[in-house]
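[1] I would like to see how this sequence folds:
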Amino acid sequence: MTKISVNNGHSRRAIADPDPTRINGYAEHPELGPSMLFFSGGTALNGLSRQLKAYSHNTIHLVTPFDSGGSSAMLRQAFDMPAVGDLRHRSMALANESLQGSPAVYRFCRYRLPEQAAPGQLRRLFEQMVAGHHELMADMPEPLRQQICAQLARVYAELPTDFDFCGASVGNLVLAGAYLGHDRDLDTALALFSELVSVQGTVRAIVNDNVHLAAELENGARVLGQHRLTGKEVPPIQSPVSQLVLTASLEAWTPVEVSIQPQTHDLIAGAELICYAPGSFYSSLMATLLPKGVSRAVAASAAPKVLIPNLGSDPEQLGMSIDDSLRTLVTQLGGDGRAVGDVLNYVIIDSSRGHYASDVSRETLQTMGVELLDLALISDQSAPYYDDERLLQTLLSLVA
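    Numbers count the residues shown, from 1 in each chain. All right, here's what the predicted structure looks like:
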């Protein structure tokens, strides 16, 4: 891991000092804030999302529903459904945590069942929630408690007898109940969950299909399942990724094509800024760009398109330089003869304090016509990570 050394010859845009008048205007009226759109998944953007609420309630978050590990995996196996864990994480990050929101619901949906408890005890605890008798439900307004109990009752009615409640996220269970109770419509389930926790923004799955992530490695091996790619639940991959696909099964390499919905297309095409956010490169970012229609919608947008490279070392980017990441992203989005400028305009880094997997080359950026914005994005308090407030103000400054 090296400290980045930038040698590119690109002029810096005059955004190092964000316009305080415009930024203050967003802070005074976040309900009128810009529609910045983020392609991402996982939890890497949750800190920034919490800051976003102070400046805009109109941000859009297109999140992967392909997680195949942890609590999401249990629900996927039990109910044959897309993953909701990352969607719940982002919704909670954007929730109104003030008294004007739903603080009791927020606390309840953040709760996880104990990891150290007998199966029978965990099931009885969940039954208390279904009946509305759990201590965290005591302060809930009755209409909200009834809604939540109805979602949990739907889950309880369809639970396999061997379902493992150990460490289960209550928010995931509420989302699963809404999904099962509304004709397995993920959009409707997310809309209901957003109302319950007062989400100040829009959180959508990039697609609603129940599919999985798979990768072919340069050594010919195939990895089935997001959880086998990230290096978190199993050992990291030992060969670079050569191809990323969506597959119908975790048991066999069965690539499938899925498409975004018209509403998702319109959200992308109408955004005021598009951000390819930090996070696991393949399972969080590239996964959201795989579905059919994403590249067309991105190209249809006149908004600035920004990539924020990962700091540190990402196990999924084995053998990849930042140049390789740029080329991978542009190749995925640049079909049908699209110019690079249609899908990517800026790369934002902090060369002074940031530690990246490689240097950024002048040749690659000039060839692509991509501008580098080299700014002070890492503070003493945030090091070695990006400072969420500084990063956010930079993004706000790019909004037309």
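[2] domain assignment for the protein?
    Per automatic domain parsing, the domain ranges recorded for the chain read 2-34+268-398, 70-205, 212-257.
[3] Convert the C-alpha atoms of stretch 307-327 to PDB, please.
    In PDB, the C-alpha atoms belonging to stretch 307-327 read as follows (Å, rounded to 0.1, in the frame of the first residue of the first chain):
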ATOM      1  CA  LEU A 307     -15.800   8.300  -8.600                       C
ATOM      2  CA  ILE A 308     -14.300   8.200  -5.100                       C
ATOM      3  CA  PRO A 309     -11.600   5.500  -4.900                       C
ATOM      4  CA  ASN A 310     -11.300   3.300  -1.900                       C
ATOM      5  CA  LEU A 311      -8.700   4.100   0.700                       C
ATOM      6  CA  GLY A 312      -6.500   1.300   2.000                       C
ATOM      7  CA  SER A 313      -6.700  -2.200   0.700                       C
ATOM      8  CA  ASP A 314      -9.900  -3.900  -0.700                       C
ATOM      9  CA  PRO A 315      -9.600  -7.700  -0.800                       C
ATOM     10  CA  GLU A 316     -11.800  -7.700  -3.900                       C
ATOM     11  CA  GLN A 317      -9.400  -5.500  -5.800                       C
ATOM     12  CA  LEU A 318      -6.600  -8.000  -5.700                       C
ATOM     13  CA  GLY A 319      -3.900  -7.000  -8.300                       C
ATOM     14  CA  MET A 320      -5.900  -3.900  -9.300                       C
ATOM     15  CA  SER A 321      -4.500  -0.300  -9.600                       C
ATOM     16  CA  ILE A 322      -6.700   2.700  -9.500                       C
ATOM     17  CA  ASP A 323      -6.300   2.900 -13.300                       C
ATOM     18  CA  ASP A 324      -7.600  -0.700 -13.500                       C
ATOM     19  CA  SER A 325     -10.600   0.300 -11.400                       C
ATOM     20  CA  LEU A 326     -11.300   3.200 -13.700                       C
ATOM     21  CA  ARG A 327     -11.100   1.000 -16.800                       C
END
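[4] which residues sit in contact with Q100?
    S198 (C-beta atoms under 8 Å, 6 or more residues apart in numbering). Where C-beta positions appear, they are placed from N, C-alpha and C, glycine not excepted.
[5] Mind naming the longest helix for the protein?
    Secondary structure of the chain per DSSP state H: the longest helix is helix 142-158.
[6] Show residues contacting the next helix or strand after that helix.
    Following helix 142-158 in sequence order, the next helix or strand is helix 170-181 (DSSP states H and E). The contact list for helix 170-181, computed with C-beta under 8 Å, 6+ apart, reads 71-72, 75, 79, 81, 84-85, 87-88, 91-92, 108-113, 126, 129, 148, 150-155, 158, 185-186, 188-190, 192-193, 196.
[7] Tell me which of these fall in helices.
    71-72, 75, 79, 85, 87-88, 91-92, 108-110, 126, 129, 148, 150-155, 158, 186, 188-190, 192-193, 196.
[8] Can you select the buried ones from these in PyMOL?
    This is the PyMOL syntax for the buried subset of the ones in helices among the contacts of helix 170-181, where burial follows 16 or more other C-beta atoms under 10 Å:
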select buried, resi 71+72+75+79+85+87+88+91+92+108+109+126+129+148+151+152+153+154+155+186+189+190+192+193+196
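[9] hang on, the earlier thing: show me what the longest helix of the chain packs onto, helices and strands only.
    helix 103-110, helix 119-130, helix 170-181, helix 186-197 (3 or more C-beta pairs under 8 Å, 6 or more residues apart in numbering; DSSP states H and E).
[10] Check which helix or strand V223 maps to.
    strand 222-224.
[11] Pull the residues that contact the following helix or strand past that strand.
    On the C-terminal side of strand 222-224, the closest following helix or strand by DSSP H and E is strand 241-247. Contacts to strand 241-247, defined as C-beta under 8 Å, 6+ apart, come from residues 66, 209, 211-218, 224, 229, 253-258, 282, 286-287, 290-291, 316, 318.
[12] can you rerun that using 10 Å?
    Strand 241-247 is contacted from outside by 66, 207, 209, 211-225, 229, 253-258, 281-283, 286-287, 289-291, 316-320, 328, 332, using C-beta atoms under 10 Å, 6 or more residues apart in numbering.
[13] In helices only, show me the residues you listed.
    Per DSSP H, the contacts of strand 241-247 map to helices at A287, L289, T328, Q332.
[14] Excluding sequence neighbours, find me the nearest residue to the last one.
    Computed as C-beta to C-beta, 6 or more residues apart in numbering, the closest residue to Q332 that is not its neighbour in sequence is L289, at 5.0 Å.
[15] burial measure for the one you found, as a count.
    Applying other C-beta atoms under 10 Å, we find 19 residues neighbouring L289.
[16] and what of L375?
    22.
[17] Tell me the predicted confidence for it.
    Note for L375: predicted pLDDT of 95.
[18] same check, this time on E233
    At E233, the pLDDT value in this model is 87.
[19] Could you give the number of residues near Q238?
    The burial count for Q238: 9, using other C-beta under 10 Å.
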